[in-house]
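Visitor: All I have is the shape, not the residue letters:
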Ligand SMILES: Nc1ccn([C@@H]2O[C@H](COP(=O)(O)OP(=O)(O)OP(=O)(O)O)[C@@H](O)[C@H]2O)c(=O)n1
Ligand SMILES: C[C@](O)(CO)[C@H](O)COP(=O)(O)O
């Protein structure tokens, strides 16, 4: 029987690339905020013990959330970078639960379209190395030449990579909390830039499993992503893929 897991939702970003009037996690998706849509995936799920949301110390929107006072939704103060927020979330969970070696999930607030089917797959995936959702590259992959600002076009092709081994990481990512905390602190101490939990675990010597994600599990990043998310939400709702816990 799979025990229930805590989920850490980093939601302390400013959404610079979205260029909106508020942090992108508070923009509307089908009538609710993106963050509320994301939390909805996990709240009251039989395999989720609780939800820990990392919000910015300057956040003035969270108190309007439909989950603001929900018994199984807790908040902690996020950090400067996404990895700082996740690290603070791990320390928050260890203090609140008294358990420093529990499997935890980390999922971007900006990914509101994860389906229940895929959530259950990653929760039930058993691996000592940890696991993340990722998509095999479906386009031809190019690496650019070193940027030469003297050129009219600063991005020119160097080589085409063998895409058979290329994956684009998504979230959730699942790791043992104590191992992830150690890996994030190690990367921070050694000045290694971390953009997802898996890269910290790799730096610490782990080789997490790759579990095929969903092309609909997009990260809302740029303005056009909001239109795409609205269309995908309608599709998932109509096919009942998003909600049945
Ligand atoms: N200091 C930070 C930065 C980001 N995030 C969260 O990490 C997720 C993925 O990050 P990203 O898409 O980069 O969000 P932003 O950092 O807000 O976007 P941008 O880089 O455009 O500012 C988002 O849910 C974001 O809220 C976070 O919790 N703490
Ligand atoms: C964690 C992530 O979503 C995996 O693809 C991605 O690394 C987040 O990157 P961002 O620049 O913080 O959005």
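Guide: Sure thing, it's come through. A quick note: this is a predicted structure, and the numbers were derived from the prediction, not measured. Ligands and ions are numbered 1, 2, ... in the order given.

Visitor: With ligand 1 as the reference, measure out to residue 155.
Guide: Applying Cβ to the nearest ligand atom, to the nearest Å, the value for residue 155 to ligand 1 is 20 Å. Backbone N, C-alpha and C define where each C-beta goes, glycine included.

Visitor: Just the buried residues of the strand of greatest length in the chain, please?
Guide: Counting by DSSP state E, the longest strand found in the chain is strand 167-176. Residues of strand 167-176 classed as buried by neighbour count (16 or more other Cβ atoms under 10 Å): 169, 170, 171, 172, 173, 174, 175, 176.

Visitor: Residue 123 belongs to a strand, doesn't it?
Guide: No: applying DSSP: H, G, I helix; E, B strand; the rest coil, one finds residue 123 to be helix, outside a strand.

Visitor: And for it, nearest residue in space, chain neighbours not counted?
Guide: residue 47 (5.0 Å; Cβ to Cβ, 6 or more residues apart in numbering).

Visitor: dump the residue contacts of the one you found.
Guide: 2, 4, 5, 119, 120, 123 (Cβ atoms under 8 Å, 6 or more residues apart in numbering).

Visitor: still on that earlier bit, is ligand 1 within reach of the longest strand of the chain?
Guide: No: if you take Cβ under 6 Å from any ligand atom as the test, strand 167-176 misses ligand 1, and the best it gets is 8.2 Å.

Visitor: any idea how far that strand is from the chain center?
Guide: 7 Å (Cα atoms, centre = their mean, to the nearest Å).

Visitor: about what we covered before: can you tell me how far the residue nearest to residue 123 sits from residue 76?
Guide: Taken as Cβ to Cβ, to the nearest Å, the spacing of residue 47 relative to residue 76 amounts to 22 Å.

Visitor: ditto for residue 117
Guide: According to Cβ to Cβ, residue 117 stands 29 Å off from residue 76.

Visitor: swap in residue 20?
Guide: 24 Å.

Visitor: between these two, who's got more neighbours?
Guide: Neighbour totals were compared for residue 20 and residue 76, and residue 76 leads with 20 against 14 (other Cβ atoms under 10 Å).
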